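> the following block contains a protein sequence and its predicted model.
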Amino acid sequence: MIQPSLNQSDLKSLMDYDPETGSFTQKTKRPGVKQGAIAGSLMLNGYIQIRVLGRKYLAHRLAFLYMMGEMPSECVDHIDGNPSNNTWSNLRLASHAQNMRNRKAVSGYKGVSAHRGNFRAVITAKGVRYNLGSFLTADLAAQAYDRAAIKLHGSFARVNKLSEVAA
């Protein structure tokens, strides 16, 4: 039997969400679950997963359902890049492309790679890859990336936060 989608009313009858802390707490006592207990578990990728009515959901998507009345049709982006920070002020709707712009660098500087003894800065916007040039240092390449990210991605830009960057 296919289970119907979770709705806001069912979620609110089972859990409370605190927009200031981003935490969900259990409203009702069930076998193995204490009333008032923090819901969810931290996954290896940093996201919080919560089981509701036998189905697993990501907490940031449940926060959207709780606050807005419907599951988001798009991505829910964590503005600060921290996937376990589900405070309401840290969440926003985003397209997949916008959400990917806001991801953190895996290592080193975002948008920078070693290339032929120098450092190359590259950025992609709206499906177009821009080669920002080759630089003597990773810092200079990162600054070029940051300037381009601010210009091309606006509030969704995740910059390297180098003090020399002029917006």
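Everything's here; your move.
> buried ones in the longest helix anywhere in the chain?
Of all the segments assigned as helix in the chain under DSSP state H, the longest by residue count is helix 138-153. Residues 138, 140-149, 152-153 are the ones in helix 138-153 that count as buried (16 or more other C-beta atoms under 10 Å). The way it works is simple: take the backbone N, C-alpha and C, and place the C-beta from them, glycine included.
> could those go into CSV alongside distance to residue 72?
Rendered in CSV, the data for the buried residues of helix 138-153 read as follows (distance: C-beta to C-beta, whole Å):
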residue, distance to residue 72
138, 36
140, 39
141, 35
142, 32
143, 34
144, 34
145, 29
146, 29
147, 31
148, 29
149, 24
152, 24
153, 20
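> how far away from the center of its chain is the helix or strand of the chain with the lowest mean pLDDT?
Every helix and strand of the chain was ranked by mean pLDDT, DSSP states H and E. The lowest is helix 96-101, at a mean of 81. The gap between where helix 96-101 is centred and where its chain is centred comes out at 9 Å by C-alpha atoms, centre = their mean, to the nearest Å.
> can you show me the strands along the protein?
In chain order, the chain shows strands spanning 15-18, 23-26, 41-42, 48-52, 55-58, 75-78, 91-94, 112-115, 118-125, 128-135, with DSSP state E as the criterion.
> cool, thanks, signing off.
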